[in-house]
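Visitor: Fold the following.
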Amino acid sequence: MSDPLGADDLTLLLGRWAARRGPLYRSLADRLRALVEEGALAPDTWLPAERRLAARLNVGRGTVVAAYDLLRDEGVLTRRRGSGTRVAHGPAPARSDGSPDTHHGSGFLALFEPPAASLVLTCAAPDSPPPELLDGYREAVARVAGFSDDIGYHPVGHPDLRAAVAAWFTRRGLPTEADDILVTNGAQQALELLVRCRVAAGETVLAESPTYPGALALFGEAGARIRAVGTGPGGVDTEALLEGMAARPALTYLIPSFQNPTGTLMGPMDRRRVAAAAGAHGLLVVDDETMVELGFAADPPPPLASYPGGERIVTVGSLSKLAWGGLRVGWIRARPPVMDRLRRAKTLADAGGDVASQLAAAAVLRAPDALVGRRTAELRRRHAHLTAEIDRRLPGWRYLPAVGGQTVWARMPHGDAAAFAQVALRHGVALLPGSALTPGGEPSPWLRLPFLAPEPTLSLAVRRIAAAWERYGASGGLADAPRGAMAV
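Guide: The predicted structure is shown next:
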């Protein structure tokens with residue numbers, strides 16, 4: 001029999017359930033049924049009591065009762081007075097080790113559900129390809145049309161892109177050869193390969209909190225133990241990070257450049273200390289540079305691997321945030337023997353990515369200055385607009401001003417962001433609560449708010465959030481939350 005599932009865990013699994021049309025109880029039942037069918041809720045899993053789940057979802061108890069009853073009638077759930085509600089017996093997908101599939105990936109998958117809300121502020125990536133990328137594809141198509149001696153299989157990446165990425169690192173002060181580069185299908189695959197090759201079940205991963213939810217999903221699927229290091233207005237708590245590194249985790253995952261979601265930047269002295277610790281302890285440290293080109297005020301900072309002691313530091317990057325999320329091209333910079341193992345895993349995974357996209361990415365990387373300048377100026381304006389709207393329409397809310405990246409880390413005065421996000425859905429805006437970006441998914445008053453949309457759309461989004469906030473208070477959702485300094 002499965003252990004009872006907490007209301008917090010189930011809330012994370014449910015994702016944007018309230019965005020569906022029709023009665024709320026049917027929307028809740030539909031989402032629960034889907035979780036059972038995909039194996040995220042295993043047979044015999046006990047579900048939270050109606051009152052507790054209703055409080056977490058900010059709905060009436062009758063909504064949960066009606067959803068549970070509907071699924072009982074369908075045979076999906078079993079309910080017995082005085083005993084509770086659980087998932088009925090039936091086949092469920094299994095992991096390769098024979099254990100039931102966990103929920104870690106389901107919360108991440110929920111970010112990519114079709115956007116039922118009119119404004120979706122859960123994913124953060126450009127929504128259309130820039131002219132530089134379109135020009136790159138035109139160049140790539142012309143190149144492909146002239147191929148006569150290339151079968152198209154390049155498991156470690158097309159030589160042109162590997163050379164372009166290596167030159168990009170070298171320009172930033174980190175001498176790099178093409179053999180140091182492995183091309184991946186986006187940064188997410190890069191992280192997946194690193195976790196698969198370097199983290200075993202039960203081993204410890206050291207990571208910032210909050211951090212990128214896709215990384216948390218991978219650590220959870222690997223069965224890793226996550227040791228969290230807090231991040232605040234000045235960035236990661238460096239002393240706590242160094243203490244955690246001294247315990248020799250299997251992998252340390254950092255976003256030092258315009259951190260997702262806080263938009264903070266690790267300074268040169270802290271970078272030097274982290275690289276030195278990695279060298280002293282012989283650690284594998286992953287420097288996620290997905291946001292590195294999106295600083296508001298200065299040139300991209302040097303990679304962690306460029307500092308003394310950084311020989312074992314692995315750098316991950318992509319063009320999904322600078323150019324377009326649909327360009328599924330990323331890369332890993334690493335040295336042997338780490339790179340040797342990654343190459344084997346990548347070859348077995350897919351035998352290579354799309355050649356035309358890699359050639360287009362190479363064209364963008366060879367001359368990125370115009371695109372970088374335009375994107376950073378746009379993001380700087382939109383960040384200023386979003387924060388001004390928060391100041392005007394959401395008195396009492398606080399946030400960390402970003403120095404780069406695409407998101408603001410905002411804190412509600414009271415309550416739980418996951419419950420509030422369900423109310424916001426019913427006001428036409430989908431939000432990502434802090435519980436999705438913190439190890440353990442504990443209730444949190446924090447939200448990640450992206451500022452990629454045009455200014456009128458950002459204004460509309462904040463107006464809807466303000467209306468939802470007013471409703472959240474009227475519905476009794478304002479439970480006291482910790483007050484004080486802007487510690488995350």
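Visitor: Let me see the ranges of the strands in the stretch 101-250 of the chain.
Guide: For the stretch 101-250 of the chain, the strands defined by DSSP state E, counting those that start in this stretch cover 119-121, 181-184, 204-209, 225-232, 235-236.
Visitor: partner strands of the third one, parallel or antiparallel?
Guide: Just to be clear, that refers to strand 204-209. Paired strands of strand 204-209, with direction, are strand 225-232 (parallel), strand 251-254 (parallel) (DSSP bridges).
Visitor: could you point out which element follows the shortest one?
Guide: Moving toward the C-terminus from strand 251-254, the first helix or strand encountered (DSSP states H and E) is helix 268-281.
Visitor: tell me which residues in that next one are buried?
Guide: For helix 268-281, the neighbour count (16 or more other CB atoms under 10 Å) marks 270-275, 277-279, 281 as buried. For the C-beta atoms, the positions are set from N, CA and C on the backbone; glycine is no exception.
Visitor: Tell me the one of those residues nearest R196?
Guide: Closest approach between the buried residues of helix 268-281 and R196, by CB to CB: A278, at 20.8 Å.
Visitor: Once you drop chain neighbours, what's closest to that closest one?
Guide: Spatial nearest neighbour of A278, chain neighbours left out: V285 (4.5 Å); criterion: CB to CB, 6 or more residues apart in numbering.
Visitor: Then G396?
Guide: Among residues not flanking G396 along the chain, P413 sits closest, at 4.0 Å (CB to CB, 6+ apart).
Visitor: what about that neighbour, neighbour count?
Guide: By other CB atoms under 10 Å, 16 other residues sit near P413.
Visitor: List the contacts of it.
Guide: Going by CB atoms under 8 Å, 6 or more residues apart in numbering, P413 touches 396-398, 445, 481.
Visitor: any idea of the pLDDT on it?
Guide: At P413, the model reports a pLDDT of 95.
Visitor: now do the one 4 residues further on
Guide: At A417 the predicted local distance difference test score is 92.
Visitor: That one: neighbouring residues, count only.
Guide: 23.
Visitor: Determine the number of other residues adjacent to the nearest residue to it once chain neighbours are set aside.
Guide: Leaving aside its sequence neighbours, A417 sits nearest to P433 (CB to CB, 6+ apart; 3.6 Å). Number of residues near P433 (other CB under 10 Å) recorded here: 26.
Visitor: Return the member of the buried residues of helix 268-281 nearest to S257.
Guide: Taking CB to CB as the measure, S257 lies nearest R271 of the buried residues of helix 268-281, at 9.5 Å.
Visitor: Wait, that closest one touches P302, no?
Guide: Yes. With contacts counted by CB atoms under 8 Å, R271 reaches P302, the gap being 7.4 Å.
Visitor: any idea how far P301 is from R374?
Guide: 20 Å (CB to CB, to the nearest Å).
Visitor: ok, what's across the strand from W409?
Guide: Using DSSP bridges, the beta-bridge partners of W409 come out as L400, R448.
Visitor: That one reaches G235, doesn't it?
Guide: No. Contact between W409 and G235 fails when scored by CB under 8 Å: they sit 11.8 Å apart.
Visitor: Before I go, just wanted to say thanks for your time.
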